[in-house]
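# sequence unavailable; structure follows:
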């Protein structure tokens, strides 16, 4: 599979981020419209009733600031996921929500854990590690971009700030790492030049044969022979007055 066949634009690259952003904003709008909050539908660790939050918590946010902070990263990472890993994108999304939520449910503090940040950590972690493991220059570049933009997120998998579900972040980070190992995504093989193949013979290379082992230019025998065979003949017209 070539790069051109694999890295192609599709409608899902736009629709997936659009649907994700609309889903979390619509949920928040419904809370405002009904003058209530859906925090009770978040993950409450180690309780039977809190299990439902594994599915619902990514759509629930506690404030407009919380919602805004998750909107842009979610949109960008969803677009990247569906562009570079579209054959496994839905699998990463669905099972990523389940596994990261389950980890949060198992290790979290006794409080309601809400927000799409757990999913964001799944996507960022998966995209980063999968790109490194694939050893494809485009995917490695994507991994470096993720680090450049979202590298500071790494600190928030630790309890460094009150009011932030570091357990959800850690669950998402571990989930993305696990998926990068176990999910087999179709990645195009990096293009190799002819001289990179193991069976390549330097002696048959039409360019390298003009140089010796020390890199010195060797004049071609054909050129020397051509120079030796060149001769110039002059024809003089006899003057009629002679």
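That came in fine, so what should we check first? Everything numeric here is computed off the predicted structure, so don't read it as measured data. Residues are numbered from 1 along each chain as shown.

# residues in contact with residue 118?
Under the criterion of C-beta atoms under 8 Å, 6 or more residues apart in numbering, the neighbours of residue 118 are 57-58, 97, 100-101, 104, 165, 168-169, 171-172. Every residue, glycine included, has its C-beta placed from N, CA and C.

# distance to residue 111, secondary structure and neighbour count added to these, as a markdown table?
Formatted as a markdown table, those follow (distance: C-beta to C-beta, whole Å; DSSP: H, G, I helix; E, B strand; the rest coil; neighbours: other C-beta atoms under 10 Å):
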| residue | distance to residue 111 | secondary structure | neighbour count |
| --- | --- | --- | --- |
| 57 | 12 | helix | 31 |
| 58 | 17 | helix | 31 |
| 97 | 19 | helix | 21 |
| 100 | 17 | helix | 32 |
| 101 | 15 | helix | 30 |
| 104 | 11 | helix | 28 |
| 165 | 8 | coil | 24 |
| 168 | 11 | helix | 31 |
| 169 | 14 | helix | 26 |
| 171 | 15 | helix | 28 |
| 172 | 17 | helix | 32 |
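
# with pLDDT and distance to residue 29 as extra columns, can I get those in a markdown table?
Listed next are the contacts of residue 118 as a markdown table, based on pLDDT from 0 to 100; distance: C-beta to C-beta, whole Å:
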| residue | pLDDT | distance to residue 29 |
| --- | --- | --- |
| 57 | 97 | 18 |
| 58 | 97 | 16 |
| 97 | 97 | 21 |
| 100 | 97 | 25 |
| 101 | 97 | 23 |
| 104 | 97 | 25 |
| 165 | 93 | 23 |
| 168 | 96 | 23 |
| 169 | 96 | 25 |
| 171 | 97 | 27 |
| 172 | 96 | 25 |
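
# nearest to residue 141 among those residues?
residue 172 (22.8 Å; C-beta to C-beta).

# isn't the closest one up against residue 116?
No: taking contacts as C-beta atoms under 8 Å, residue 172 lies outside contact range of residue 116: 9.7 Å.

# shared neighbours of these two, which are they?
By C-beta under 8 Å, 6+ apart, residue 172 and residue 116 have no common neighbours.

# helix, strand, or coil at residue 162?
Three-state assignment for residue 162 (DSSP: H, G, I helix; E, B strand; the rest coil): coil.

# now the helices for this structure?
For the chain, the helices defined by DSSP state H cover 3-6, 12-33, 53-56, 64-84, 89-107, 117-134, 137-150, 166-182, 221-229.

# for residue 3, give me the pLDDT.
With respect to pLDDT, residue 3 scores 53.

# next, count neighbours for residue 61.
26 (other C-beta atoms under 10 Å).

# tabulate the helices of the chain in a markdown table, adding columns for distance to residue 159.
Putting the helices of the chain into a markdown table (distance: least, C-beta to C-beta, whole Å) gives the following:
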| stretch | distance to residue 159 |
| --- | --- |
| helix 3-6 | 40 |
| helix 12-33 | 25 |
| helix 53-56 | 20 |
| helix 64-84 | 18 |
| helix 89-107 | 12 |
| helix 117-134 | 14 |
| helix 137-150 | 19 |
| helix 166-182 | 5 |
| helix 221-229 | 75 |
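
# packed most tightly, which of these would that be?
Burial of the helices of the chain is given as mean neighbour count (mean count of other C-beta atoms under 10 Å); helix 117-134 ranks first at a mean of 25.
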